[in-house]
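**Q** Give the three-dimensional model of this entry:
(2 chains)
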Amino acid sequence: MRALTPLHGVGVLLSIGVLVAIIVGGAHLLRPTPGPLLGTVPSAPDVACDDDVHHPDPVPVRSGTLLACPERFDGRQVQLQGEAIGDLLGRGQGRWVLLNDDDYAHAGPLMAHHQTLGTNGGMAVLLPLEALPTALGGPGVWGDLLVVTGTFHTAAIADQGGAAVIATTVEVRRPGGPVDPLPARAQRIAAPIMVAIAAVLAAIARVRRQP
Amino acid sequence: MTLLFRPSAKDVATVGFLMSRILMAVGGTMLIPAVLGVVLGEVDAVAALLIGASTAVAVGCCGEIWLPRHHEVRWSDGMVASGLSWLAVPLVGAIPLFLSGHFPQFLDAYFDAMSAFTTAGLSVVNDVDHLPESINLWRHLMQFLGGQGLVLLVLTFFAGGGGAVGMYAGEAREDKILPNVRRTARFIWRASLIYFAIGAAALSLALLHAGMDPGGAVLHAVNLFFAAFDTGGFSPRSASVGYYHSAATEAVLMVLMVAGAVSFAVHYVLWQGRGKELRQNIEARVLAVTFSLAMAMAAVGLVRSDVYPNTVSLLRRGLFQVLSAHTGTGFATVPGTLFSTGWGVLAPGALVLAMTIGGMSGSTTGGIKGIRIGLVGKLLTFAVQRTLLPRNAHQATAYHHTRPREFSPQVAGAATTILLLFLALYLAGTVVGLFYGYPLEEALFESTSAAATVGLSVGITSPSMETGLQITYVLQMFIGRLEFISVFALIGYSFALVKGRL
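**A** Purely as a prediction, here's the structure:
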């Protein structure tokens, strides 16, 4: 087999670069176009870590603030507003739910608008049995928006040391339910075409492999 | 003048051919989550997965069709193919993630795919709590494939010969458990599937007991198994394992994390009924000591910071986090921010220590690995003994790792070199973190987590993180997973393509 010249070497490296560019460029062409948000993300009126004012309980606060300065809120009455996510877990006198107070709680699940608004953020909340949400957020579902008042514990005994809010009152601010995903039309067209191309290439490769 | 020889056209074709096989295999596995998507009616997610699978298969088939097949594969070609595949596979793995719309830039999706395949578990995904189930399954399946070894996936079915050994060693696996690589690969898959059957069933029961519905319990159990046994650390929910509020789930996951941190060579010996291996094995002994030290350090730190109201809480949270860090998994039952705001200094320090070391060599964990700590410790002991013993005294030169082995200067040198390279890698990421203005403790924690492919985070890794830092962590995960050698081979090969001697 013949040796490669330096020009060939550069060619090999460039070919790899071109292939990567085609894959990344193609993916960008097929990425879903963002649509309008389902709701408005409120500005943050809640108490922050560096606020000097001694707010009377319950303190309206976000989960990020509770975790950023837990010593300030440990054992205090707080008020959180967020989307009930996933499952109602546990047994006994209450149920655990993940209460996400991120932007998606107000703007709707990402799949419904395809606008990236950051990562999820939330707090574990122990809800009383008489105030359980009916819609829980997940794929294709926008969970109930709850306003929860309760006591924050950096290490809740009820959760054997987990950070949590033990709720006393729960109000449903906005009932949740299924949401329609914003369809990714370009992908729906491209997928069968690409599957067909891959199938043809696989068939050719199979024929070539035959001794 | 360079000492590197320029690869021939045959060498390049061979590397390309091996890469084609790996891409086709990974493309094929994307059909598994696609089937789940079809069942659940997730139309766009299925389209995204099919596009990703088609791309991987199409590129692979082009290699099969146009590149000549060579039966004799050199060790170095296998090594380079292995290194290159760990860059290329996350590229195709990232396609469905990016097309899902949950990542604003392709680099973000590539970051998550690299994190998944290297079993790091750091993530910059947006709104994971509403992510389609099939895409979530793909995230976790990538961890399983990466943990098992991408090359292993292909060796099970295809390649053999010297190149196979090179590829196998290239993804940081040193122990051939059975006489040939292909049979070793098959044993690893067989053992993993047995663990899967038992582990996923136990997790399903634990999650059902926690209050999940049966369908959700099974789906979460499968995802959690992939992430635990392959020490990956992704979780179906943003709150990680803390989401489940279930001691039983945590207990099963701890068993799986330990199983994942044990090398497959030791698994093989234990399966043969040789239980005393755990007492004799240098790596098992080192890890027992380092885990005890880290746990004691964390416990003292947590008592001092007075976070937990009782011993049960302290032990449940502390033990899980230290085990998660030491096995390189990265699951959390404590919100990551609390490591820096509520845990004081000593307890997070214990996590960094545990992450730095990692599990056993030849397992799915990252980090320096117990064997190297043990060998370097032995080297230091020898040096001290040499100064104290009479000049003509004989020093025993053996250690036990599945069988008695000779402790030669070459072995000691290799262990020390890799240990130093890991420390340099941790330090390099820390310096970049400092450059972007993060405090030393946080920069060190996150850098160690990335390079040791752990996945615990104090919050630096997020969708809003700086691009330079993101690229740094991608490189750290890649280099840390492959343990340097095949990365160096890849760099040398690229250089030799242009500047090598004929």
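
**Q** Can you tell me how far the residue most central in space within chain A is from chain B?
**A** Centroid check for chain A by C-alpha atoms, centre = their mean gives residue A:120 as the closest residue, at 4.5 Å. Distance from residue A:120 to chain B, counting by C-beta to the nearest C-beta, to the nearest Å: 4 Å. Backbone N, C-alpha and C define where each C-beta goes, glycine included.

**Q** what are the phi and psi angles of that residue?
**A** phi -80, psi 150 (degrees, to the nearest 10).

**Q** Can you check the pLDDT for it?
**A** Note on residue A:120: pLDDT of 96.

**Q** Next up, the contacts around it.
**A** By C-beta atoms under 8 Å, 6 or more residues apart in numbering or on different chains, residue A:120 lies in contact with A:85, A:100, A:102, A:104, B:127, B:128, B:129, B:238.

**Q** mind putting those residues in CSV, distance to residue A:17 and secondary structure included?
**A** Shown next, in CSV, are the contacts of residue A:120 (distance: C-beta to C-beta, whole Å; DSSP: H, G, I helix; E, B strand; the rest coil):
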residue, distance to residue A:17, secondary structure
A:85, 42, strand
A:100, 41, strand
A:102, 38, coil
A:104, 37, helix
B:127, 32, coil
B:128, 32, helix
B:129, 37, helix
B:238, 36, coil
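
**Q** If you count neighbours, what's buried in stretch B:35-42?
**A** By neighbour count with 16 or more other C-beta atoms under 10 Å in any protein chain shown, stretch B:35-42 contains the buried residues B:36, B:37, B:38, B:40, B:42.

**Q** so who does the third one touch?
**A** Taking C-beta under 8 Å, 6+ apart as the definition of contact, the neighbours of residue B:38 are residue B:46.

**Q** Show me how far the helix or strand where it lies is from its chain's centre.
**A** Using DSSP states H and E, residue B:38 sits in helix B:31-40. Between the centre of helix B:31-40 and the centre of its chain there are 26 Å (C-alpha atoms, centre = their mean, to the nearest Å).

**Q** which SS state does the one residue sitting closest to the centre of chain B fall under?
**A** The centre of chain B sits closest to residue B:119, judged by C-alpha atoms, centre = their mean, with a distance of 3.6 Å. Here residue B:119 is recorded as coil under DSSP: H, G, I helix; E, B strand; the rest coil.

**Q** Look up how far chain A lies from it.
**A** 20 Å.

**Q** quick one: contacts for that residue?
**A** B:143, B:146-147, B:230-233, B:328, B:364-366, B:453, B:455, B:481.

**Q** cool, residue B:256 as well?
**A** When contacts are taken as C-beta under 8 Å, 6+ apart, residue B:256 is in contact with B:195, B:199, B:225, B:228, B:229.

**Q** switch to 6 Å and redo it
**A** Taking C-beta atoms under 6 Å, 6 or more residues apart in numbering or on different chains, we find residue B:256 in contact with B:199, B:228, B:229.

**Q** Out of those, which sit inside strands?
**A** If you go by DSSP state E, the contacts of residue B:256 have nothing in strands.

**Q** With neighbour count, distance to chain A and pLDDT added, can I get those in JSON lines?
**A** Formatted as JSON lines, the contacts of residue B:256 follow (neighbours: other C-beta atoms under 10 Å in any protein chain shown; distance: C-beta to the nearest C-beta, whole Å; pLDDT from 0 to 100):
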{"residue": "B:199", "neighbour count": "24", "distance to chain A": "20", "pLDDT": "98"}
{"residue": "B:228", "neighbour count": "31", "distance to chain A": "19", "pLDDT": "97"}
{"residue": "B:229", "neighbour count": "26", "distance to chain A": "23", "pLDDT": "96"}
